[in-house]
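Enquirer: Structure for this input, please:
(one chain, ligands or ions: 1)
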Amino acid sequence: MSPFTQSLLVICVLTFLSMHNVIGETTDRQIVVYNSLEGRLNLTLRCQSKDDDFGFHDLQPDEHFGWNFNVNIIHTTLYFCSVKWNNEFHHFDAFRYNRDRYRFVLYWYIKEAGPCVVSAEGINGCYPWK
Ligand SMILES: *[C@@H]1O[C@H](CO)[C@@H](O)[C@H](O)[C@H]1NC(C)=O
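Expert: Here you go, the predicted model:
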(Lines give C-alpha, C1' and ligand atoms only; values in the text may rest on other atoms or scores of the structure.)
Protein backbone atom coordinates (compact mmCIF):
# COMPACT_ATOMS: atom_id res chain seq x y z
CA MET A 1 0.00 0.00 0.00
CA SER A 2 1.36 3.44 -0.86
CA PRO A 3 1.63 5.98 1.95
CA PHE A 4 -1.08 8.01 0.22
CA THR A 5 -3.49 5.06 0.14
CA GLN A 6 -2.68 4.36 3.78
CA SER A 7 -3.47 7.94 4.81
CA LEU A 8 -6.69 7.86 2.84
CA LEU A 9 -7.71 4.64 4.56
CA VAL A 10 -6.96 6.10 8.00
CA ILE A 11 -9.02 9.20 7.21
CA CYS A 12 -11.94 7.06 6.03
CA VAL A 13 -11.86 4.90 9.16
CA LEU A 14 -11.66 7.97 11.46
CA THR A 15 -14.52 9.67 9.67
CA PHE A 16 -16.66 6.55 9.93
CA LEU A 17 -15.92 6.12 13.64
CA SER A 18 -16.56 9.77 14.47
CA MET A 19 -19.83 9.85 12.54
CA HIS A 20 -21.02 6.97 14.68
CA ASN A 21 -19.73 8.53 17.88
CA VAL A 22 -17.42 5.56 18.49
CA ILE A 23 -14.70 8.03 19.27
CA GLY A 24 -15.36 11.59 20.29
CA GLU A 25 -13.55 14.29 22.15
CA THR A 26 -12.27 12.88 25.39
CA THR A 27 -14.55 14.71 27.80
CA ASP A 28 -18.03 13.37 28.36
CA ARG A 29 -20.78 15.93 28.19
CA GLN A 30 -24.04 15.90 30.06
CA ILE A 31 -27.47 17.40 29.49
CA VAL A 32 -30.32 17.50 31.99
CA VAL A 33 -33.71 19.02 31.10
CA TYR A 34 -36.03 20.17 33.89
CA ASN A 35 -39.75 20.90 33.78
CA SER A 36 -39.68 24.43 35.20
CA LEU A 37 -43.04 25.62 33.87
CA GLU A 38 -44.14 28.31 36.29
CA GLY A 39 -47.75 27.13 36.03
CA ARG A 40 -46.62 23.79 37.52
CA LEU A 41 -48.01 21.86 34.58
CA ASN A 42 -46.93 18.46 33.31
CA LEU A 43 -44.61 18.55 30.33
CA THR A 44 -43.96 15.97 27.61
CA LEU A 45 -40.35 16.01 26.44
CA ARG A 46 -38.79 14.25 23.47
CA CYS A 47 -35.10 14.65 22.62
CA GLN A 48 -33.30 13.34 19.56
CA SER A 49 -30.18 13.53 17.48
CA LYS A 50 -29.45 12.11 14.04
CA ASP A 51 -28.62 8.78 15.70
CA ASP A 52 -30.58 8.77 18.97
CA ASP A 53 -34.23 9.09 19.90
CA PHE A 54 -34.81 9.10 23.65
CA GLY A 55 -38.59 8.81 23.23
CA PHE A 56 -41.37 10.65 25.05
CA HIS A 57 -40.97 11.49 28.73
CA ASP A 58 -43.77 12.85 30.89
CA LEU A 59 -42.26 15.19 33.43
CA GLN A 60 -44.19 16.47 36.41
CA PRO A 61 -43.17 19.86 37.87
CA ASP A 62 -39.43 19.94 38.67
CA GLU A 63 -38.81 16.45 37.30
CA HIS A 64 -35.96 15.98 34.86
CA PHE A 65 -34.60 13.79 32.09
CA GLY A 66 -30.97 13.65 31.04
CA TRP A 67 -28.27 11.89 29.05
CA ASN A 68 -24.51 11.86 28.45
CA PHE A 69 -22.78 12.18 25.11
CA ASN A 70 -19.57 13.03 23.29
CA VAL A 71 -19.28 15.53 20.48
CA ASN A 72 -18.20 13.94 17.21
CA ILE A 73 -14.87 14.68 15.61
CA ILE A 74 -16.39 16.56 12.67
CA HIS A 75 -18.27 18.87 15.06
CA THR A 76 -21.76 18.32 13.73
CA THR A 77 -23.22 17.14 17.06
CA LEU A 78 -26.81 18.34 17.43
CA TYR A 79 -29.46 17.33 19.97
CA PHE A 80 -32.91 18.82 19.55
CA CYS A 81 -35.97 18.48 21.76
CA SER A 82 -39.68 19.07 21.52
CA VAL A 83 -41.79 20.07 24.49
CA LYS A 84 -45.54 19.94 24.85
CA TRP A 85 -47.95 21.13 27.54
CA ASN A 86 -51.62 22.10 27.31
CA ASN A 87 -51.97 23.27 23.69
CA GLU A 88 -48.38 24.50 23.43
CA PHE A 89 -45.81 22.72 21.28
CA HIS A 90 -42.26 24.01 20.86
CA HIS A 91 -38.75 22.98 19.85
CA PHE A 92 -35.28 23.93 21.04
CA ASP A 93 -31.73 22.78 20.44
CA ALA A 94 -30.36 21.19 23.60
CA PHE A 95 -26.85 21.05 22.14
CA ARG A 96 -25.53 22.64 18.99
CA TYR A 97 -21.76 22.46 18.56
CA ASN A 98 -21.20 26.01 17.32
CA ARG A 99 -23.21 27.53 20.16
CA ASP A 100 -22.39 25.08 22.93
CA ARG A 101 -18.86 23.83 22.35
CA TYR A 102 -17.63 25.47 25.59
CA ARG A 103 -20.50 24.01 27.61
CA PHE A 104 -19.87 20.56 29.08
CA VAL A 105 -22.62 20.18 31.67
CA LEU A 106 -25.87 21.80 30.57
CA TYR A 107 -28.96 22.17 32.76
CA TRP A 108 -31.97 23.25 30.72
CA TYR A 109 -34.96 24.77 32.52
CA ILE A 110 -38.11 24.73 30.40
CA LYS A 111 -40.30 27.75 31.04
CA GLU A 112 -43.38 29.02 29.24
CA ALA A 113 -41.35 31.82 27.58
CA GLY A 114 -38.59 29.51 26.40
CA PRO A 115 -35.70 27.33 27.53
CA CYS A 116 -32.97 28.64 29.85
CA VAL A 117 -29.59 26.97 30.17
CA VAL A 118 -27.25 27.05 33.13
CA SER A 119 -23.91 25.41 32.45
CA ALA A 120 -21.29 24.23 34.89
CA GLU A 121 -18.91 26.52 33.03
CA GLY A 122 -21.09 29.53 33.89
CA ILE A 123 -22.20 30.22 30.33
CA ASN A 124 -25.88 30.81 30.97
CA GLY A 125 -28.72 32.15 28.90
CA CYS A 126 -32.38 32.06 27.97
CA TYR A 127 -33.54 31.61 24.39
CA PRO A 128 -36.82 32.28 22.63
CA TRP A 129 -38.62 29.29 21.15
CA LYS A 130 -37.38 28.42 17.66
C1 LIG B 1 -49.56 15.35 36.06
O2 LIG B 1 -49.34 13.97 35.90
C3 LIG B 1 -49.65 13.21 37.06
C4 LIG B 1 -49.22 11.78 36.79
O5 LIG B 1 -49.72 11.32 35.57
C6 LIG B 1 -51.12 13.36 37.38
O7 LIG B 1 -51.42 12.61 38.55
C8 LIG B 1 -51.45 14.83 37.60
O9 LIG B 1 -52.81 14.99 37.81
C10 LIG B 1 -51.00 15.66 36.42
N11 LIG B 1 -51.13 17.08 36.74
C12 LIG B 1 -51.73 17.95 35.94
C13 LIG B 1 -51.74 19.36 36.42
O14 LIG B 1 -52.27 17.62 34.89
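Enquirer: Could you verify that Leu8 is part of a helix?
Expert: Yes: counting by DSSP: H, G, I helix; E, B strand; the rest coil, Leu8 is part of a helix.
Enquirer: do you know how far it is from the ligand?
Expert: When distance is defined by C-beta to the nearest ligand atom, to the nearest Å, Leu8 is 55 Å away from the ligand. Quick note: C-beta positions are derived from backbone N, CA and C, even for glycine.
Enquirer: what about that residue, distance to Ile74?
Expert: According to C-beta to C-beta, to the nearest Å, Leu8 and Ile74 sit 17 Å apart.
Enquirer: For the ligand, give me its nearest residue in the protein.
Expert: Relative to the ligand, the nearest point of the chain is Asn42 (3.8 Å; C-beta to the nearest ligand atom).
Enquirer: Hmm, Gln60 and that residue touching each other?
Expert: Yes: with contact defined as C-beta atoms under 8 Å, Asn42 reaches Gln60; the gap is 5.6 Å.
Enquirer: Looking at these two, which is more packed in?
Expert: Using other C-beta atoms under 10 Å as the criterion, Asn42 and Gln60 rank with Asn42 on top: 14 against 10.
Enquirer: per-residue confidence for that one?
Expert: At Asn42, the pLDDT value in this model is 98.
Enquirer: Could you pull up phi and psi at it?
Expert: Backbone dihedrals for Asn42, given as degrees, to the nearest 10, come out at phi -70, psi 150.
Enquirer: For Asn86, list the residues it contacts.
Expert: Contact analysis of Asn86 by C-beta atoms under 8 Å, 6 or more residues apart in numbering lists Leu41.
Enquirer: that older thread, in contact with the residue of the chain closest to the ligand, which residues?
Expert: Residues near Asn42 by C-beta under 8 Å, 6+ apart: Asn35, Asp58, Leu59, Gln60, Pro61, Trp85.
Enquirer: Kindly report the same for Tyr79.
Expert: Residues counted as contacts of Tyr79 (C-beta under 8 Å, 6+ apart) are Ile31, Cys47, Gln48, Ser49, Asp52, Phe69, Asp93, Ala94, Phe95.
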